[in-house]
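S.K.: I need the structure of the sequence given here:
(3 chains, ligands or ions: 5)
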Amino acid sequence: MSSPLLEAIDIRRQYNVRTAGGVFGRKAVLQAVAGVSFRIDMGRTLGLVGESGCGKSTTGKLALGLIPPSSGEIRFVGSTLPAIGSAAWRDMRRRMQMVYQDPLGSLDRRLQVGPQIAEPLIIHDIGTPAERRERAYATMASVGLQKHHFERYPHELSGGQRQRVVLARALITEPKLIVCDEPISALDVSIQAQVVNLLLDLQDRLGLTYLFISHDLKVVRQVSHDVAVMYLGRIVETGQAEALFRAPAHPYTRALVSAIPSLGEKRERLILSGDPPNPVDVPAGCAFHPRCPFAIARCRSEAPALRRQPDGRAVACHRADDDAIALAA
Amino acid sequence: MLAFALSRLARAAITILFVVTFAFIVLRLSGDPALLIMSVDAPPEAIEAFRKAWGLDRPIWEQYLAYAWHALTGDFGKSMRDGRPAIDLVLERLPATLAITLPALALKLGIGIPAGIYAALHRNSLADRLTMMVSVAGFTMPSFVLALVLVLIFGVTLGWLPASGADSVWHAVLPIVTLGTAGAAIMARFTRSAMLEVLGQPYIRAASAKGLAWWLVVAKHALPNAAIPTVTIIGFMVGSLVAGAVIVESVFAWPGIGRLLVSAVANRDLAVVQALLMVIAAWMVLANLCVDLAYGWLDPRVRSGAR
Amino acid sequence: MAAPLVSIRGLSVDFDDGRRAARAVDGVDADIAAGEAVGLVGESGSGKSVTWLAALGLLPNRARVSGEVRIGGMNLIGAERRVLEGVRGKRIAMIFQDPSSCLNPVHRIGRQVTEALRLHRGMDGRAAEAEALRLFDQVGIADAKRRLSDYPHQLSGGLNQRVMIAIALAGQPELLIADEPTTALDATIQAQILLLLSRIRRETGMAMVLISHDLGVVAENVDRVCVMYAGRIVEQAPGEALFDTPHHPYTQGLLAALPTLTGPRRRLAAIPGSVPEPWNLPVGCRFAPRCPAAEERCRHEAPPRRVIAPAHQAACHFDVAGQSVWPAQEAAE
Ligand SMILES: Nc1ncnc2c1ncn2[C@@H]1O[C@H](COP(=O)(O)OP(=O)(O)OP(=O)(O)O)[C@@H](O)[C@H]1O
Ligand SMILES: Nc1ncnc2c1ncn2[C@@H]1O[C@H](COP(=O)(O)OP(=O)(O)OP(=O)(O)O)[C@@H](O)[C@H]1O
Ligand code: SF4
Ligand SMILES: [Mg+2]
Ligand SMILES: [Mg+2]
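M.R.: Ligands and ions are numbered 1, 2, ... in the order given. Below is the predicted model:
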């Protein structure tokens, strides 16, 4: 068994918020991430999916140590992440990078892209200016950009090229882990495939490890070895990508998978009623029970634990091994 | 809505208390009041007596409470010049100031808002550009320059209107126009940009897509939303109504609060200055309170504290 | 075939901001039959929204629109404001991408629905409220009575979109233009709304144009699909024909670039390059710079619309006969 590169052990992150009502609004605690555990092995990809606001980005930032967890532990190559801001932390940051959704938003419009790609080298004080330039050229080549792009400004590039620039900037410090937070959501359909292919090629060539956050299940399936499905701050199902999408076990995963419009075959639909609840007011018991078509009395009072199934998957549902549920599929 | 109103009321009260406290602190920082008010070479016994009379020998927090209590009940002591209660002097002058500032406010809103709306609805048209040019000219010109220009034209050259004093209704015309012009210009500019912002919102397009006639879209959907930011600037104008008259009252020798302030400062009539500042501050706080309440009334999102 | 409900001929839209002129829509022809569901797909900026905004006269003044959009013999392009106002909401209703920002934030949603009812059906007071409740029921808003007095910010995106649909239904339109009605919503909510739209279409017999950039969304919800690229319709066909035997290289490329949820994982075929800017469109075929089958002719001459089968047309110089012009991709694992 290979060693985990990144391991999250029961991480939680909460925010103090105020509910509606101005000065009279009551203080509340929002559990953005409520006890999440996962591991990613070297050279693998973990896809993280779920609806808006379920805590995907927060999990990504926790994993990189960009924000401290309220409790729990993140281990990178076997050791706990150092405190934010310390020298060890800065050194660590070099080996873990983040790629955000909006390439134009994460680039400086007034600067040429070349210097922006080389910037992390300056921050981490690596090499001479000439060496940095060489490294920048080499990294640009590895993401399919040409030398003449060095002097361009972000707005002179296409969406796909911009995302390549962002990737090059993340890659230049030769990180082991990249957290991709919705890296293709802002791109045109015809460009998405370019970036997906590039991410896969880079993983092949450089042995990169990804935490890949997206709400697009098809893309997640395309790039991930394993997948974790989040609902209201918790992982409700996790397992090998292929198996999970072929036969989702948790009712929420089933609804999510069946909600994906597909070309060609018509599938049976599991349409949920209602909206996801307010994250400051998470329902008791299984957080999903108000929308769950299979909920039983127990679901309303007792939160299901994430339990490993015979096929290696883990599911947090009281009825995970219930035949009645399987039949309803 | 009630909770919202109460919270804003509490805020206004706190602000007033803050102003009172601030005035107290500034006053104590500016030196020993006994020495400031009595002449420097007054005999020590006299100063001591003064201190006793005014309670200046008591502990500072006691003085503060007494001061705050008096200030909140409107008691600022007597004017040093004619011995009457300072607050009476101030309140006596208030009507004169309001007599020019309220019509001026009406002018600002009555001309500024329609001009701004019209300009926004006819964006980039000749009328729009003209309005904006006039408005830039209107608010870049200092009010005393405008006052002098108006006096020169209508008072001296044409001789149509009296140039100063307060003997007839006609005397009020030039001060009102002077005050109103700059405000109308600011109002027009502000209304225009608020309106343009709203007209670009998706719900305006959606309302048109419903099939509503354009004037209904403007009247029912654009105006109520554009009113929200516009209220801020109206509140600001109402709040500075009293204080803003100082210069114009001086130029036109109008017997309002502004003139009183100028003469009280010149005479070092501390009680009157204090009373004036309190009245002006209270007015501003009141205006702000009204803006807050208007916000709540106009914007349901503010009312429920969302966003 | 009966006369179409709406027919668009040679519709073009130019935006000129003084610095550069951009052609957002370029000679679009399309027919919508009564009761039909048509999908309009294309990437961001391809002119999907502008096409229908132009048809309803909802573009800003600086847009120059030419061509014809006919409904019942009446041409909407260049029509008087009164005529357009009579069509909007009454004969053609439109709903938009971001439901929460398409509702007026300062009015209660009940009022926004009854406003449309008064306008189109002359209903007032009690009658309007009763009808609003019925519409809310129809679009699946639970607890409708209480919801009437809510403000948009108190509702989730999915509920707001239901309200938008209720407003659109208030005028009992013959055609509903749904402009990316689910793009801003979560996957499970998206599925709810699409199901709702198809149910309503069954119930009312209303025609629908479903605008989307998601081929999957379109595939499942319409009878016929138009694919737009850089302001032109490059291919239109019945859904099955389009997905089984796409004829335009762009359509073929789009399909090959999509990952799937089932079947073997294969490397995606990426279309090289990117969408041209509307102020810098290539002459000839707009897709030529990215097309693997492009030849000299494509770079000079705009391709004619080629009829492949009844109701299946593709604008390409070559008849690729359903064979993909993109190199085959081997399975990845
Ligand atoms: N700084 C913060 N202060 C308060 N609440 C926050 C903060 N950051 C995130 N949240 C809340 O935490 C929850 C999870 O947010 P997060 O951004 O992780 O969600 P997400 O899954 O990435 O959603 P999306 O798909 O919309 O990006 C949300 O309810 C969000 O409102
Ligand atoms: N008001 C406008 N002024 C100038 N250009 C505009 C305006 N509205 C749209 N455009 C341009 O017209 C082109 C077509 O836009 P349109 O909104 O129709 O695209 P779309 O296919 O609906 O894309 P999306 O999927 O992003 O909604 C774009 O290049 C856009 O920039
Ligand atoms: S635990 Fe109960 S409510 Fe939760 S998903 Fe399973 S069946 Fe549904
Ligand atoms: Mg996020
Ligand atoms: Mg659009």
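S.K.: do a quick rundown of the strands in the stretch 201-333 of chain C.
M.R.: Along the stretch 201-333 of chain C, the stretches classed as strands by DSSP state E, counting those that start in this stretch are C:207-212, C:224-229, C:232-238, C:306-309, C:312-314.
S.K.: the longest one vs strand C:224-229, what angle?
M.R.: It stands for strand C:232-238. Angle, strand C:232-238 to strand C:224-229, by axes from the mean of the first three to the mean of the last three C-alpha atoms, to 10 degrees: 160 degrees.
S.K.: tell me the helices and strands packed up against strand C:232-238.
M.R.: Here strand C:232-238 touches strand C:21-32, strand C:224-229, helix C:249-257, strand C:312-314, going by 3 or more C-beta pairs under 8 Å, 6 or more residues apart in numbering or on different chains; DSSP states H and E. (Glycine included, C-beta is placed from N, CA and C.)
S.K.: in chain C, which helix has the most residues?
M.R.: For chain C, the helix reaching the highest residue count under DSSP state H is reported as helix C:187-204.
S.K.: do that one and ligand 1 meet?
M.R.: No: counting by C-beta under 6 Å from any ligand atom, ligand 1 has no neighbours in helix C:187-204; the shortest distance is 10.7 Å.
S.K.: related to what we said a few turns ago, and the helices and strands packed on strand C:232-238, which is most packed in?
M.R.: strand C:224-229 (a mean of 25; mean count of other C-beta atoms under 10 Å in any protein chain shown).
S.K.: flag every buried residue along the longest helix anywhere in chain A.
M.R.: For chain A, the helix with the greatest residue count under DSSP H is helix A:189-206. Burial within helix A:189-206, assessed by neighbour count using 16 or more other C-beta atoms under 10 Å in any protein chain shown, is assigned to A:189-200, A:202-203.
S.K.: okay, now the unreliable bits of the stretch 201-329 of chain A?
M.R.: The model of the stretch 201-329 of chain A has pLDDT under 70 over residues A:264-267, A:323-329.
S.K.: how close does C:I308 get to C:E36?
M.R.: Remark: distance between C:I308 and C:E36 (C-beta to C-beta, to the nearest Å) = 19 Å.
S.K.: whoops, I mixed them up, A:H318
M.R.: 46 Å.
S.K.: ok, the two, which is more surrounded?
M.R.: The residue with more neighbours, out of A:H318 and C:E36, is A:H318; 23 against 19, by other C-beta atoms under 10 Å in any protein chain shown.
S.K.: what residues are up against the residue nearest to that one when sequence neighbours are not counted?
M.R.: Distances taken as C-beta to C-beta, 6 or more residues apart in numbering or on different chains place A:P304 nearest to A:H318, at 4.8 Å, with adjacent residues excluded. Shown in contact with A:P304 (C-beta atoms under 8 Å, 6 or more residues apart in numbering or on different chains): A:C286, A:A316, A:C317, A:H318, A:A320.
S.K.: may I ask which helix or strand encompasses A:P304?
M.R.: Counting by DSSP states H and E, A:P304 is held by no secondary-structure element, helix or strand.
S.K.: surely A:V236 is in a helix?
M.R.: No: assessed with DSSP: H, G, I helix; E, B strand; the rest coil, A:V236 is strand; it does not lie in a helix.
S.K.: run a quick neighbour tally on it.
M.R.: Number of residues near A:V236 (other C-beta under 10 Å) recorded here: 26.
S.K.: wait, isn't it in contact with A:A314?
M.R.: No: using C-beta atoms under 8 Å as the test, A:V236 is too far from A:A314 to be in contact (9.4 Å).
S.K.: what touches both of the two?
M.R.: The overlap between the contact sets of A:V236 and A:A314 (C-beta under 8 Å, 6+ apart) consists of A:L306.
S.K.: how near is the closest residue to chain B within the stretch 1-150 of chain C to C:L119?
M.R.: Going by C-beta to the nearest C-beta, chain B is nearest to C:G89 of the stretch 1-150 of chain C, at 3.2 Å. Applying C-beta to C-beta, the value for C:G89 to C:L119 is 7 Å.
S.K.: which one of the two has more residues nearby?
M.R.: More neighbours surround C:G89 than the other of C:G89 and C:L119, with 25 against 20 (other C-beta under 10 Å).
S.K.: hang on, isn't the more buried one packed against C:H120?
M.R.: Yes: taking C-beta under 8 Å as the definition, C:G89 is a contact partner of C:H120 at 6.1 Å.
S.K.: please enumerate the strands of the stretch 51-200 of chain B.
M.R.: Counting by DSSP E, counting those that start in this stretch, no segments of the stretch 51-200 of chain B form strands.
S.K.: low-confidence regions, it specifically.
M.R.: Across the stretch 51-200 of chain B (using pLDDT under 70), the flagged ranges come out as B:53-55, B:80, B:166.
S.K.: find the closest residue to ligand 3 in it.
M.R.: The nearest approach of the stretch 51-200 of chain B to ligand 3 comes at B:G200, 43.7 Å away (C-beta to the nearest ligand atom).
S.K.: packing partners for whichever helix or strand A:M140 is part of?
M.R.: Following DSSP H and E, one finds A:M140 within helix A:129-142. Helices and strands touching helix A:129-142, by 3+ C-beta pairs under 8 Å, 6+ apart, are helix A:113-123, helix A:159-171.
S.K.: of the ones you listed, flag the one that's most buried.
M.R.: Of all these, helix A:159-171 has the most neighbours on average by mean count of other C-beta under 10 Å, namely a mean of 25.
S.K.: tell me the helix or strand right after that helix.
M.R.: strand A:177-181.
S.K.: name the helices or strands packed onto that following strand?
M.R.: Strand A:177-181 packs on helix A:56-64, strand A:96-99, strand A:209-213, going by 3+ C-beta pairs under 8 Å, 6+ apart.
S.K.: so for chain B, the centremost residue is which one?
M.R.: With distances taken as C-alpha atoms, centre = their mean, B:S240 lies nearest the centre of chain B, 1.5 Å away.
S.K.: so what does the closest residue to C:G253 other than its chain neighbours look like in phi/psi?
M.R.: In space, and not counting its chain neighbours, C:G253 is closest to C:I271: 4.3 Å by C-beta to C-beta, 6+ apart. Dihedral pair for C:I271: phi -80, psi 120, per degrees, to the nearest 10.
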